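# quick one, fold the following:
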Amino acid sequence: MIVVIAVTKIIVEMIKRFRSWLANYRHFLLSWYTKDSQATQEPEKSLVELPSELREKLVNRVQNLPDHPTEKEAIVSALNENFTRWCDNPNNTNNSIVILSSPVATASRILTKTLQQWSEEKQIKIELLEITARPTNIETIKSKLEHYIQPKALEDDSEKEELEILVIPNLSWCFLRSLEGLAGIEYVQSLLCDGSKNRFWIIGAGQVGWQYLNLICNIEAYCGRVLTLPKIESEQLQEWFEPIIEEFDIVFDDPSFEQKFLDKDKDNKTKYFDRLAGISQGVSIIAIQIFLGSIGYKKIDDNEDKDDTNESSQPESKQPIAKMPSLPGLPPLEPDDQFILYSLILHGDLTISALAESLGDEQSEVQARVQILRRQGVIEQKDKVLKINPIHYPALKQELANNNFIIHRE
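The predicted model follows:
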């Protein structure tokens with residue numbers, strides 16, 4: 001009985017720490033899109049046309065959308081299968097699962113929220129890597145990792161048989177593409193290979209960063225299962241957005257003549273979400289931004305069929321209308337811009353100093369180009385952290401791939 005009570009207390013304390021970690025970094029992990037302080041970007045730029053009250057309500061409602069269940073279900077299913085297999089044989093080599101997401105979708109946000117619920121349901125004790133951003137001094141990455149994830153068995157042989165689950169929410173924070181920036185990854189690899197007899201790893205990463213690490217360090221050879229989050233299909237997107245569509249009474253505009261001809265058996269709403277799923281590549285954050293950018297409004301004359309004497313007293317109504325979704329144009333990019341943007345895609349997010357270090361360029365030179373890209377809306381910045389504006393990622397991904405940058409994961 002005493003042992004059961006002790007274990008329960010440990011799990012309760014772990015859940016409290018987990019919730020505290022999420023609460024402290026909620027502004028970074030849960031934001032759907034970042035409003036740059038110096039530039040009006042998409043989708044905000046398109047939303048300016050909406051009446052201010054409608055715009056604020058719509059943005060607030062979209063920001064509070066839950067994570068799409070397709071992503072959460074895929075993670076939970078893979079966790080249950082691989083964790084159970086490992087528990088049956090902790091000494092096997094398949095002691096880890098890697099969850100890959102789009103570079104513009106914060107892997108840590110999706111993973112940590114899902115793991116909180118999973119750990120509570122399973123009553124499983126987990127250890128969360130207490131690194132919530134890439135260290136400013138890249139040379140300290142390895143020492144920080146050593147401090148947080150060095151196996152307990154190396155310190156105390158009496159704990160050698162204790163099973164442990166270690167979570168790295170965002171592997172991108174553990175490296176920088178630079179001369180000294182891979183020491184942390186090499187350390188993680190050494191533990192995956194030799195120091196994890198009683199440890200199960202859950203790692204979140206971006207697809208492009210993972211492909212880079214696999215080419216440079218062959219990291220996938222050290223891991224068990226690698227799960228790429230599934231694309232969200234048209235019907236799933238429609239179901240996800242349905243409460244918002246009903247709440248704001250959103251109607252759907254007529255598609256182009258070509259789309260009418262090709263999909264003549266489908267209604268406007270179905271055609272809209274087919275298009276949205278295609279151009280967003282099934283990524284929730286991109287779909288959200290395109291959705292917001294597609295919303296306009298049409299005026300409804302409430303005075304129709306009413307006595308002319310009452311016309312002046314009847315206000316004009318505005319009904320939201322979803323125009324056929326489209327991606328904003330990507331501005332012409334200089335070769336230097338392409339390297340900057342690729343580095344941001346590879347790492348997920350970077351400060352200006354880390355970006356300059358990853359490029360091997362002077363910070364002032366990089367800063368000048370970043371400012372231009374921010375004004376163009378391709379890069380967004382919040383709290384000194386730079387990211388790719390998700391709505392531009394599909395076009396940017398294609399342009400970089402056409403210029404021989406390593407983007408696609410086969």
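# use CA for all of it now, contacts and neighbours both
Will do.
# if I look at residue 404, how far off is residue 292?
32 Å (Cα to Cα, to the nearest Å).
# repeat for residue 362
For residue 362, the distance to residue 292 equals 37 Å [Cα to Cα].
# repeat that for residue 66.
Taken as Cα to Cα, the span from residue 66 to residue 292 is 16 Å.
# what about the two, which has more around it?
Ranked by neighbour count (other Cα atoms under 10 Å), residue 66 and residue 292 place residue 292 first, with 21 against 9.
# what's the strand or helix carrying that one packed up against?
Using DSSP states H and E, residue 292 sits within helix 284-294. Other helices and strands packing on helix 284-294, by 3 or more Cα pairs under 8 Å, 6 or more residues apart in numbering; DSSP states H and E, are helix 44-47, helix 268-279.
# adding mean pLDDT, write those helices out as CSV.
Shown next, in CSV, are these (pLDDT from 0 to 100):
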stretch, mean pLDDT
helix 44-47, 57
helix 268-279, 95
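# ok, back up a step: got the CA coordinates for the helix holding residue 292 in CSV?
What follows is helix 284-294, C-alpha atoms only, in CSV (Å, rounded to 0.1, in the frame of the first residue of the first chain):
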residue,chain,number,x,y,z
SER,A,284,-3.9,22.4,-40.0
ILE,A,285,-2.0,25.7,-39.4
ILE,A,286,-1.8,26.4,-43.1
ALA,A,287,-5.5,25.5,-43.6
ILE,A,288,-6.4,27.9,-40.8
GLN,A,289,-4.6,30.8,-42.3
ILE,A,290,-6.0,30.2,-45.8
PHE,A,291,-9.5,29.9,-44.3
LEU,A,292,-9.1,33.2,-42.5
GLY,A,293,-7.7,34.9,-45.7
SER,A,294,-10.6,33.6,-47.8
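# now do that helix against helix 268-279, angle only.
Using axes from the mean of the first three to the mean of the last three Cα atoms, to 10 degrees, the direction of helix 284-294 lies 130 degrees away from that of helix 268-279.
# could I get the pLDDT score of the nearest residue to residue 199 once chain neighbours are set aside?
Spatial nearest neighbour of residue 199, chain neighbours left out: residue 164 (4.7 Å); criterion: Cα to Cα, 6 or more residues apart in numbering. For residue 164, the pLDDT comes out at 85.
# and what of residue 28?
pLDDT, read off for residue 28, is 40.
# now swap in the one 3 residues further on and tell me
The model reports residue 31 with a pLDDT of 43.
# how about residue 81?
pLDDT, residue 81: 92.
# and for the one 3 residues further on?
pLDDT recorded at residue 84 is 88.
# outline the domain layout of the protein.
What automatic domain parsing lists as the domains of the chain is 42-63+232-322, 69-228, 335-402.
# residues near residue 375, how many?
Residue 375 has 15 neighbours, counted by other Cα under 10 Å.
# swap in the one 10 residues further on?
If you count neighbours by other Cα under 10 Å, residue 385 ends up with 15.
# now do the contacts for it.
349-352 (Cα atoms under 8 Å, 6 or more residues apart in numbering).
# pLDDT below threshold where in the protein?
For the chain, the stretches with pLDDT under 70 are 1-49, 93, 106-107, 152-161, 195-196, 256-264, 301-316, 409-410.
# which element is the residue nearest the centre of it on?
Nearest to the mean C-alpha position of the chain, by Cα atoms, centre = their mean, lies residue 105 at 1.6 Å. Under DSSP H and E, no helix or strand contains residue 105.
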